[in-house]
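# fold the following.
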Amino acid sequence: MEMVIALLMFMGEPAVLKEHTLMPNISRCLKLKRIATRNSNRASFVCAKVKAEVKDGNIIRISKE
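Got it, this is the predicted structure:
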């Protein structure tokens, strides 16, 4: 597991993590978050530093720790 920047998408009430995307840096994450927030009224997006298992440039699993 390593610390990475991820764009997280939450949906529902209570909010449930539905999707996660590995980001190269925080500025790219914030840019994509702004675009996604403008285009979606049902989901909420968060840029976060998470502990995750990464394989071939994709997040396989995010640790709950």
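# for this structure, what helix or strand is lowest in average pLDDT?
None of the helices or strands of the chain scores lower by mean pLDDT, DSSP states H and E than strand 58-62, at a mean of 89.
# tell me the strands in this protein, going along the chain?
2-11, 16-23, 44-55, 58-62 (DSSP state E).
# helices or strands up against the third one?
Just to be clear, that refers to strand 44-55. strand 2-11, strand 16-23, helix 26-39, strand 58-62 (3 or more CB pairs under 8 Å, 6 or more residues apart in numbering; DSSP states H and E). C-beta coordinates here come from the backbone N, C-alpha and C atoms, glycine included.
# how many degrees apart are the shortest one and strand 16-23 in direction?
Orientation note: strand 58-62 sits at an angle of 140 degrees relative to strand 16-23 (axes from the mean of the first three to the mean of the last three CA atoms, to 10 degrees).
# what sits up against strand 58-62?
4, 6, 17, 20-22, 50-54 (CB atoms under 8 Å, 6 or more residues apart in numbering).
# OK, contacts around H20?
6-9, 50, 52, 59, 62.
# ok, it to S63 distance?
12 Å (CB to CB, to the nearest Å).
# touching both of those two, which residues are there?
50, 52.
# still on that earlier bit, filter the contacts of strand 58-62 down to the buried ones.
Listed as buried from those are 4, 6, 20, 50, 52; burial here means 16 or more other CB atoms under 10 Å.
# how about a markdown table for the residues you listed, with pLDDT and distance to N39 added?
A markdown table is the format used below for these (pLDDT from 0 to 100; distance: CB to CB, whole Å):
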| residue | pLDDT | distance to N39 |
| --- | --- | --- |
| V4 | 94 | 24 |
| A6 | 94 | 19 |
| H20 | 92 | 18 |
| V50 | 93 | 23 |
| A52 | 93 | 25 |
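# take those residues and lay them out in TSV including distance to L30.
Converted to TSV, those look like this (distance: CB to CB, whole Å):
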residue	distance to L30
V4	15
A6	12
H20	16
V50	15
A52	19
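# for those residues, which one is nearest C29?
Distance to C29, by CB to CB, is smallest for A6 among the buried ones among the contacts of strand 58-62, at 7.5 Å.
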